[in-house]
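K.L.:
The sequence isn't on hand, but the structure is:
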């Protein structure tokens, strides 16, 4: 298996533009997580899905952020409109279950810079 | 409020020595605690998991302890190597969802 795949790896955009981040989880994993990592706040959970259904989006910072999982092999995280404070590395991770006794497999991340 | 604390200062050690990293937490009652390694430009990679009823877990040169009374986990790397240089994150379960500390950077000098 290729592991969790994220695209793009780097994104530079201007304030106000829409940004879409993509993730393909490991085949057979039922859970998908979106995280954001910054120096100031560390790794923060934004939202997670179980069997394509959003379970907890309490970590989504505001209405400008939305996430979808139309099928078991694809998820998107959208920011519209983007702001400079959204600059961070966004990680997608998947696991067989949500319980932390199960390993989370992280993708390589998308480094987002909003100018 | 809930807190997970890892030393924000980098730990610098000489090759061959034992590195010890600390993870302290407050207002959590985790059933599990995990340690991950993160290299620059990459996502975290799982290393070890320890359960609340386990005092110690070992894997090759790695050892993790978990003291639920002190609310602390220690992560040891014995016979450290420059290739062990990375950031190490601890993660606690909170309602079955892992919450991550901010990590401690380890630098092993040859």
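P.N.:
Yep, that arrived. Source: prediction; values computed, not measured.

K.L.:
Could you use CA atoms for every contact and neighbour count after this?
P.N.:
Noted.

K.L.:
Grab the nearest non-local neighbour of the residue nearest the centre of chain A.
P.N.:
The centroid of chain A falls nearest to residue A:34 when counting by C-alpha atoms, centre = their mean (3.0 Å). Excluding its sequence neighbours, the residue lying closest to residue A:34 (C-alpha to C-alpha, 6 or more residues apart in numbering or on different chains) is residue A:92, at 4.6 Å.

K.L.:
Please apply the same query to residue A:74.
P.N.:
Residue A:74's closest residue in space is residue A:24 (C-alpha to C-alpha, 6+ apart), at 4.8 Å.

K.L.:
what's the helix or strand hosting the residue nearest to residue A:34 packed up against?
P.N.:
Assessed by DSSP states H and E, residue A:92 sits inside strand A:88-95. Under the contact criterion of 3 or more C-alpha pairs under 8 Å, 6 or more residues apart in numbering or on different chains; DSSP states H and E, strand A:88-95 touches strand A:31-38, strand A:105-106, strand A:110-114.

K.L.:
what angle do it and strand A:110-114 make?
P.N.:
Angle of strand A:88-95 versus strand A:110-114, following axes from the mean of the first three to the mean of the last three C-alpha atoms, to 10 degrees, is 150 degrees.

K.L.:
What average pLDDT does strand A:88-95 get?
P.N.:
The average pLDDT within strand A:88-95 is 96.

K.L.:
Is residue B:65 in contact with residue B:77, as I believe?
P.N.:
No. Judged on C-alpha atoms under 8 Å, residue B:65 makes no contact with residue B:77 at a distance of 11.9 Å.
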